[in-house]
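Peer 1: mind folding the following:
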Amino acid sequence: MTARTFRIHVRYPAREGDRIVLRTSLDWDTDVEPVTVADDGTTWSFEVLDGDRPHIYFKVCRHREGGFHWSVGANGIASAEERWIYPHFDGGPKGAISDRFQIGTRTVRVYTPPGYVENTLKCYPTLYIHDGANVFFPEEAFSGVEWQVDETLDLLDAVHIVDRVIVVAVYASPERREQEYTPPGWQGYSDELCAVVKPEIDQRYRTLPAPDATAVMGSSLGGVASFWLAWSRPDVFGMAACLSPSFGLRDDMESAVWREPRPEGIRVYLDSGWPGDNHEATVAMRDALLARGFTMGRDLLHLSFPGARHHETAWAERLHLPFQFLFGHAFRAPPRG
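Peer 2: Next comes the predicted model:
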């Protein structure tokens, strides 16, 4: 096998006197020193040569004031020739969920990934999820079942297959939910998300504000609203995940896809259970998007789940799939942030 050189770039806001090194599966007891260190002391670049394996495991470590610290979380894995890593050494391997707070007329909670507070060099893609009461806590959720968004993201992060993500759970107004997730009421909802909520989130948090790093997600009517937001505002939302979307119930989105100019650059995830979970309408939307030039696996992914119900339990079980499509390393290069 031809020898490979794995290049691992570590970004970390070190203190004066800190020394950042690697330990690898080639020898867990020996420091690998950086080949270069940026002039501002925030980026350490390493080269690891290996001729026997298609991948190596590694861990970022820190020497500080006579102490030696392993970074938090599972071992990293390098199988591509270049990786960018944003480690942290304090706190745990799980993200944090904020208290509820108001932005405009909207109640939101925000999930920040592991290491958010400590490693201030990292900026993040952002996911906005409708029906925010169902996102994090069973005591808030409809029928007492939550989507387990934070648990799923923490697990995917441990496996190193997705970029870390900020999640904004946008709570629905119970008396206005159906109106705001369908036309014509969704115009006012869109205006508030785009002009009030997102700018405030971008100001408060270290987001990557561009459309290609901003996603929206929902189920049922929230799935339709997510699709419409990406279709009508591609300048804001470049990605949409639509779980069991109820296309055609109170909208004409399929007709709009056929007759309106195709927005450039958006990526769409569609899924549904079968039977009785909007399967036929979702397949019809898939076919319309394919006819309009979307490519399966590149800017469109559609999956069907025989036997899956129209319920939070089903959406929680398959949530890892849209996360991997929207933010996964296999589908897109992770932003360096």
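Peer 1: going by C-alpha atoms from here, please, whenever you check contacts or count neighbours.
Peer 2: Will do.
Peer 1: what is the host helix or strand of I20 packed up against?
Peer 2: Applying DSSP states H and E as the criterion places I20 in strand 19-24. Judged by 3 or more C-alpha pairs under 8 Å, 6 or more residues apart in numbering; DSSP states H and E, the packing partners of strand 19-24 are strand 27-32, strand 56-64.
Peer 1: hmm, 10 Å instead?
Peer 2: strand 4-11, strand 27-32, strand 43-50, strand 56-64, strand 67-70 (3 or more C-alpha pairs under 10 Å, 6 or more residues apart in numbering; DSSP states H and E).
Peer 1: now the angle from the third one to strand 4-11?
Peer 2: What that stands for is strand 43-50. 160 degrees (axes from the mean of the first three to the mean of the last three C-alpha atoms, to 10 degrees).
Peer 1: I'd like the helices and strands packed on strand 19-24 laid out as JSON lines, including distance to Y171, mean pLDDT and mean neighbour count.
Peer 2: Output for the helices and strands packed on strand 19-24, formatted as JSON lines (distance: least, C-alpha to C-alpha, whole Å; pLDDT from 0 to 100; neighbours: other C-alpha atoms under 10 Å):
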{"stretch": "strand 4-11", "distance to Y171": "35", "mean pLDDT": "93", "mean neighbour count": "20"}
{"stretch": "strand 27-32", "distance to Y171": "46", "mean pLDDT": "97", "mean neighbour count": "13"}
{"stretch": "strand 43-50", "distance to Y171": "39", "mean pLDDT": "93", "mean neighbour count": "19"}
{"stretch": "strand 56-64", "distance to Y171": "38", "mean pLDDT": "96", "mean neighbour count": "18"}
{"stretch": "strand 67-70", "distance to Y171": "38", "mean pLDDT": "97", "mean neighbour count": "13"}
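Peer 1: would you turn those into JSON lines with distance to R233?
Peer 2: Output for the helices and strands packed on strand 19-24, formatted as JSON lines (distance: least, C-alpha to C-alpha, whole Å):
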{"stretch": "strand 4-11", "distance to R233": "33"}
{"stretch": "strand 27-32", "distance to R233": "47"}
{"stretch": "strand 43-50", "distance to R233": "36"}
{"stretch": "strand 56-64", "distance to R233": "40"}
{"stretch": "strand 67-70", "distance to R233": "43"}
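Peer 1: pull the contacting residues for the closest residue in space to I20 that isn't next to it in sequence.
Peer 2: Spatial nearest neighbour of I20, excluding adjacent residues (C-alpha to C-alpha, 6 or more residues apart in numbering): R62 at 4.7 Å. Each residue near R62 by C-alpha atoms under 10 Å, 6 or more residues apart in numbering is listed here: 14, 18-22, 68-71, 87-89.
Peer 1: now the strands for the stretch 151-300 of the chain?
Peer 2: Counting by DSSP state E, counting those that start in this stretch, the stretch 151-300 of the chain has strands at residues 166-170, 214-219, 239-243, 267-274, 300-306.
Peer 1: go through these and pick out the most buried.
Peer 2: Of the strands of the stretch 151-300 of the chain, the one with the most neighbours on average (mean count of other C-alpha atoms under 10 Å) is strand 239-243, at a mean of 30.
Peer 1: which other helices and strands contact that one?
Peer 2: Strand 239-243 packs on strand 126-129, strand 214-219, helix 221-232, strand 267-274, strand 300-306, helix 320-327, going by 3+ C-alpha pairs under 10 Å, 6+ apart.
Peer 1: which residues touch Q203?
Peer 2: P209.
Peer 1: distance check, the closest residue in space to G297 that isn't next to it in sequence against F323.
Peer 2: Leaving aside its chain neighbours, G297 sits nearest to F331 (7.8 Å; criterion: C-alpha to C-alpha, 6+ apart). Distance of F331 to F323, given as C-alpha to C-alpha, to the nearest Å: 10 Å.
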